[in-house]
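**Q** Let's see this in three dimensions:
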Amino acid sequence: MKITRAADYAMRLLVKLAMLGEESQSRVLSEEIEVPFNHLNKLTQLLSRRGFIATRKGKGGGLRLARDPKSISLMEVIEAVEGPIVLSNCLFQRQNCRFSAKCKVRKTLCAVQKQMKAMLAERTIHDMMIERG
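**A** Residues are numbered from 1 along each chain as shown. All right, here's what the predicted structure looks like:
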C-alpha cells in the first residue's frame, strides 16, 4: 500500500487546523503546510463533505476542524481520500483471484493488513499534532 499525496496533504491540513484551534484562510494554510492551493481546494471540498472540516465562504471566511482531533483516526482520513485500505486486490475482491482457494500468501497478507488498519485506526490527528510539537 502506498499513501498518496492527496492523503498526505489531507493529514497535514487536519493536523495544522488542529494545531491552530481556530478558523484559518485557505491561502494561508496552503502556504504554511506547503500544499498547492488548487489541491487544497479540492481536498477542502472532500473533507468538508465527509464532515472533517467546516468551511465558511466569503470575505473573512475560512476553514476549521468540524470534529475533535482526538476522534479523527488516520484510517478514516486515508479511506476518505483514497477508499478502502488494502495491501492486495485479492484481499478486497477475493472472487477476482484465481488462486484464492489455494493461496498460501493470502492468510499472511490478511493478518498484516489487519494489523496495519488497527494501527491506523488507533492513531489520531491529535496524536500527530502532539508529535509535531
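**Q** Who are the contact partners of the residue nearest the centre of the chain?
**A** By Cα atoms, centre = their mean, the mean C-alpha position of the chain lies nearest to residue 77, the distance being 2.4 Å. By Cβ atoms under 8 Å, 6 or more residues apart in numbering, the residues touching residue 77 are 7, 10, 11, 14, 52, 125. C-betas here are computed from N, CA, C, even on glycine.
**Q** The most far-flung residue of the chain relative to its centre in helix, strand or coil?
**A** Distance from the C-alpha centroid of the chain peaks at residue 102, with 34.2 Å (Cα atoms, centre = their mean). Here residue 102 is coil, with the state taken from DSSP: H, G, I helix; E, B strand; the rest coil.
**Q** Could you check how far residue 4 is from residue 54?
**A** Residue 4 is 24 Å from residue 54, where distance means Cβ to Cβ, to the nearest Å.
**Q** Which helix or strand in the chain has the lowest average pLDDT?
**A** Least confident element among the helices and strands of the chain, by mean pLDDT, DSSP states H and E: helix 89-92 (a mean of 61).
**Q** ok, then the element right after that one?
**A** Later in the chain than helix 89-92, the nearest helix or strand by DSSP states H and E is helix 106-122.
**Q** elements contacting that next one?
**A** Packing partners of helix 106-122 (3 or more Cβ pairs under 8 Å, 6 or more residues apart in numbering; DSSP states H and E): helix 74-82, helix 89-92.
**Q** ok now that helix, how far from the chain's centre?
**A** Taking Cα atoms, centre = their mean, to the nearest Å, one finds the center of helix 106-122 at 17 Å from the center of the full chain.
**Q** can you state the direction angle for that helix and helix 74-82?
**A** Helix 106-122 runs at 100 degrees relative to helix 74-82, counting by axes from the mean of the first three to the mean of the last three Cα atoms, to 10 degrees.
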